[in-house]
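Asker: Sequence plus the predicted model coming up.
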Amino acid sequence: MLFLLTRILGKKQISQLTFFEYVTGITLGELAGFMSTDMEAHYMLGVTAMLVWFLVPLGVELLTLKSKRLRDWFEGKGTVVIKEGKVLEDNLKKERYTSDELLEQLRTKNVFNLADVEFAMLEASGDLSVLLKKENQPLTPKHLGITVAPEQESQAVIMDGEIMLEPLATLGFSVEWLKTELGKIGVTKDNVFLGQVDSYGQLTVDLYDDMLKVPAPQEKKLLMATLKKCQADLVLFGLSTQNQEARDMYEQCANDMDQLVRQMTPLLKR
């Protein structure tokens, strides 16, 4: 019964709890404990109490979905503890947060120098959200002006040596294709603990036999090499012909291939 009630209340009951969810979770657990150990009390009294403590937070949750004021009252609001690189001591005292606790929370975010922080907020759940200063943020392809291809979810096509038909069909591949790919790397499906295929058709596997080395996927590298070879061949054909019209055609095709290679580079080199 406790499991069913918690499932209905949702995933927030097992994540970072707000004050109200914390109280609700403790109370439901205590009631379940009393019901399973107190043999003298009537069983239905405990069931009624659990249902009440289930309906109250469920009703509050539905109400807070529609009211910002109720959300702030029941769940609390975040508190800014660092702003523009300065620690707000008054806000720390308001939350009864010590400097040691602040530094500890920063270390959990891999921040070991307070001077690197631009902004930090203590969320209602108790977690600390940190924004580093611009010069201390990790470098991304966007900072370098590089366009990268979109990443999609990989599908597990083999689990515990068994082929998963639904994920394989989602990617548009067949069982025969999968067996062919396994044959390329020299393994059988029975020896595969976990096999995944990304959205670009590359198969990666983890084997039961950890001593067996599996070659890394080479499809993207081979395709990139083929495209560059085609471009080089077009340039070579243009240099070897005496016909000006054919030379211009090969040069134009080589330029088109160069543009194609540039467009494909973010996808094939990730």
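Answerer: Alright, I've got the coordinates. Numbers count the residues shown, from 1 in each chain.
Asker: Just confirm residue 134 contacts residue 117, I think it does.
Answerer: No - if you go by Cβ atoms under 8 Å, residue 134 and residue 117 don't touch, sitting 11.8 Å apart. For the C-beta atoms, the positions are set from N, CA and C on the backbone; glycine is no exception.
Asker: out of these two, which sits in the busier spot?
Answerer: Comparing residue 134 with residue 117 by other Cβ atoms under 10 Å, the one with more neighbours is residue 117, at 23 against 8.
Asker: Report the separation between the nearest residue to that one once chain neighbours are set aside and residue 109.
Answerer: Once flanking residues are discounted, residue 117 sits nearest to residue 82: 5.3 Å by Cβ to Cβ, 6 or more residues apart in numbering. Separation of residue 82 from residue 109 (Cβ to Cβ, to the nearest Å): 12 Å.
Asker: which of the two has more neighbours?
Answerer: residue 82 (22 against 14).
Asker: Any stretches of the protein with poor pLDDT?
Answerer: Along the chain, the model assigns pLDDT under 70 to residues 10-19, 148-149, 216-217, 269-270.
Asker: Now do the domain split for it, please.
Answerer: Domain assignment for the chain by automatic domain parsing gives 2-74, 79-136, 155-217, 220-268.
Asker: Contacts for the strand or helix carrying residue 251 next, please.
Answerer: For residue 251, the host element (DSSP states H and E) is helix 244-268. Helix 244-268 is contacted from outside by 146-149, 200, 220-221, 223-224, 227-228, 230-231, 234-235, 237-239, 241, using Cβ atoms under 8 Å, 6 or more residues apart in numbering.
Asker: for that helix, which positions count as buried?
Answerer: Taking 16 or more other Cβ atoms under 10 Å as the neighbour-count basis, helix 244-268 is seen to contain the buried residues 250, 253-254, 257, 265, 268.
Asker: re earlier: from residue 118, how far out is the residue nearest to residue 117?
Answerer: Here the criterion is Cβ to Cβ. By it, residue 82 lies 8 Å from residue 118.
Asker: what do you get for residue 246?
Answerer: 60 Å.
Asker: same check, this time on residue 211
Answerer: 48 Å.
Asker: who's more crowded, the two?
Answerer: residue 118 (16 against 5).
Asker: what's the distance between the nearest residue to that one once chain neighbours are set aside and residue 191?
Answerer: Ranked by Cβ to Cβ, 6+ apart and with sequence neighbours excluded, the top spatial neighbour of residue 118 is residue 133, at 4.4 Å. Going from residue 133 to residue 191 by Cβ to Cβ gives 49 Å.
Asker: Look up phi and psi at the nearest residue to residue 116 once chain neighbours are set aside.
Answerer: What sits nearest to residue 116 in space, not counting adjacent residues and going by Cβ to Cβ, 6+ apart, is residue 136, at 4.4 Å. Residue 136 adopts backbone torsions of phi -110, psi 0, taken as degrees, to the nearest 10.
Asker: Then residue 83?
Answerer: According to degrees, to the nearest 10, residue 83 has phi -140, psi 130.
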